[in-house]
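Participant: I'll drop the sequence and a predicted model, then ask my questions.
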Amino acid sequence: MINAIRGMNDILPDEAAKWRFVEDTTRRIFSLYGFSELRPPVMERTELFLRGIGDDTDVVEKQMYTFTDKSGDLVSLRPEATACVLRAVIEHGLLNKDPIVKLYSIGPMFRYERPQKGRYRQFHQINAERLGEDGPLADAETLAMAYDLASSLLGKEALVMEVNSLGCKACRPVFKEALQQFLASRQDSLCEDCRRRMHTNPLRVLDCKVPTCKEAVEGAPFIEDHLCDDCRTHYGKVLTGLSTFGVRYEKNPRLVRGLDYYTRTTFEIAAAGLGSQNAIVGGGRYDDLLSILDGPAVGGIGFAFGMERMIMLMGEPREKLAGCFVVAQAEPRVEQEALGLISELRSAGIRAEAAFGKSFKAQMRRADKAGYPICVIMGEDEINSSTLSVKDMSGHVPQRTIERKAVLYEIKSMLMNKGENA
């Protein structure tokens, strides 16, 4: 038997409803903020990630699926979406058409790392990128959009948003120097990777999950104490904006991101129930990334949700299956009439299904298991009298008989009363 590749999982039909619910909720909420969907390819030239992510990150050093294709080009399965989205924006001149671009994407990413709960080698992300604005209110609104989506799916009570500022080109070098001096006195306690990174990118040491490294950075200087006046003002206005939007947040002076391109605002949203790996969304501002990729020198901010982690925390999706199940007596004439009814319902935009050849009880079990709110029942008696029996599967309304010609009106009315689309 050929099994799935380790860390790459099937999404089975029983789980697919949750995925659809998350995707539909994302599209609904992001559209309220003026964001449009972009669908970039899953494979890009490796150079894009080397330049966009940074060659001193774990993602590039250890985790990318990279190979030479049959044309001799070095290509990689995308480990994250921001660089892909920005490549598309630059290639297609989207900022030339509109100075402010708001995009989101939904799809799989790939990283070769040890599979664990909520973290796989093929994983799925919801990404949002807001380009062409560098003001703090754009940051606050983008963070509020992430908070709205997380709240809609998990509830506000389970969430904690942590916020920090990483400074800019003017003030970050001052902090990096102070941090390097501090780390030099603790280097014997650092892992091999962090001893190297303290010279190349010391902020990455703050993000290390190795216990000895986490202990070693206790007492390290805070970047907030080294912000320039512009960054300090920007950070303060972001926090004020979050309060105005009703977002609950906590300042975390140790918060950094695992990718090198972030500047100023950075954030994570954590959720209860995932242990130490509890972040479900993270992101921040990246004012230099577009120019690094040979695009225009304009600012941007974005974030990414991990869909697997979010779905692990969700209960059953709050959507219901809109439509009806047709239960037909196992007689050729009845089944033929049932086919006509199913076709009529589908043409009217109503989901319809049947299980021909099964007993009445088996068909009702199938309808109940599938989650249909309504059953239409037909047999020889119904055909002879031009009627149908309609059953509300919730049991709140008694089964009743209706005229065959009124079936579309009745089914649509019942679905609307249940708050479902028909």
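Facilitator: Looks like it arrived, so ask away.
Participant: wait, a strand at residue 108?
Facilitator: Yes: going by DSSP: H, G, I helix; E, B strand; the rest coil, the assignment for residue 108 places it inside a strand.
Participant: my read: it touches residue 43, true?
Facilitator: No: with contact defined as CB atoms under 8 Å, residue 108 does not count as touching residue 43 (11.2 Å). To be clear about C-beta, it is placed using only N, CA and C from the backbone, and glycine gets the same treatment.
Participant: tell me where the stretch 201-350 of the chain has strands.
Facilitator: For the stretch 201-350 of the chain, the strands defined by DSSP state E, counting those that start in this stretch occupy 249-251, 263-271, 279-285, 300-306, 324-328.
Participant: closest to residue 187 out of these?
Facilitator: Residue 187 sits nearest to strand 263-271 of all the strands of the stretch 201-350 of the chain, at 25.4 Å, using CB to CB.
Participant: need the helix or strand of this protein with the lowest average pLDDT.
Facilitator: Counting by mean pLDDT, DSSP states H and E, the weakest-scoring helix or strand in the chain turns out to be helix 58, with a mean of 72.
Participant: how near is residue 360 to residue 411?
Facilitator: Computed as CB to CB, to the nearest Å, the residue 360 to residue 411 distance reads 20 Å.
Participant: quick one: which of those two has more around it?
Facilitator: Neighbour totals were compared for residue 360 and residue 411, and residue 411 leads with 23 against 13 (other CB atoms under 10 Å).
Participant: so for that one, what's the pLDDT?
Facilitator: Reported pLDDT at residue 411 in the predicted model: 91.
Participant: what about the residue most central in space within the chain, which helix or strand?
Facilitator: Among the residues of the chain, residue 126 comes closest to the average C-alpha position under CA atoms, centre = their mean, at 2.9 Å. Counting by DSSP states H and E, the element that carries residue 126 is strand 122-131.
Participant: distance from the chain centre to that strand, please.
Facilitator: 6 Å (CA atoms, centre = their mean, to the nearest Å).
Participant: other SSEs contacting that strand?
Facilitator: If you count contacts as 3 or more CB pairs under 8 Å, 6 or more residues apart in numbering; DSSP states H and E, strand 122-131 packs onto helix 13-32, helix 82-91, strand 101-110, helix 136-154, strand 300-306, helix 307-313.
Participant: make JSON lines out of the ones you listed and add mean neighbour count and mean pLDDT.
Facilitator: Formatted as JSON lines, the helices and strands packed on strand 122-131 follow (neighbours: other CB atoms under 10 Å; pLDDT from 0 to 100):
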{"stretch": "helix 13-32", "mean neighbour count": "14", "mean pLDDT": "92"}
{"stretch": "helix 82-91", "mean neighbour count": "22", "mean pLDDT": "96"}
{"stretch": "strand 101-110", "mean neighbour count": "20", "mean pLDDT": "97"}
{"stretch": "helix 136-154", "mean neighbour count": "22", "mean pLDDT": "94"}
{"stretch": "strand 300-306", "mean neighbour count": "25", "mean pLDDT": "95"}
{"stretch": "helix 307-313", "mean neighbour count": "20", "mean pLDDT": "89"}
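Participant: for residue 324, which of the ones you listed is the nearest?
Facilitator: helix 13-32 (17.6 Å).
Participant: hang on, residue 386 packs against residue 403?
Facilitator: Yes: using CB under 8 Å, residue 386 is in contact with residue 403, at 6.5 Å.
Participant: who's more crowded, those two?
Facilitator: residue 403 (12 against 9).
Participant: next, count neighbours for the closest residue to the more buried one other than its chain neighbours.
Facilitator: Excluding its sequence neighbours, the residue lying closest to residue 403 (CB to CB, 6 or more residues apart in numbering) is residue 387, at 6.0 Å. Number of residues near residue 387 (other CB under 10 Å) recorded here: 17.
Participant: list phi and psi for residue 387.
Facilitator: Main-chain torsions, residue 387, degrees, to the nearest 10: phi -130, psi 170.
Participant: and residue 119, by the same measure?
Facilitator: Dihedral angles (degrees, to the nearest 10) for residue 119: phi -140, psi 110.
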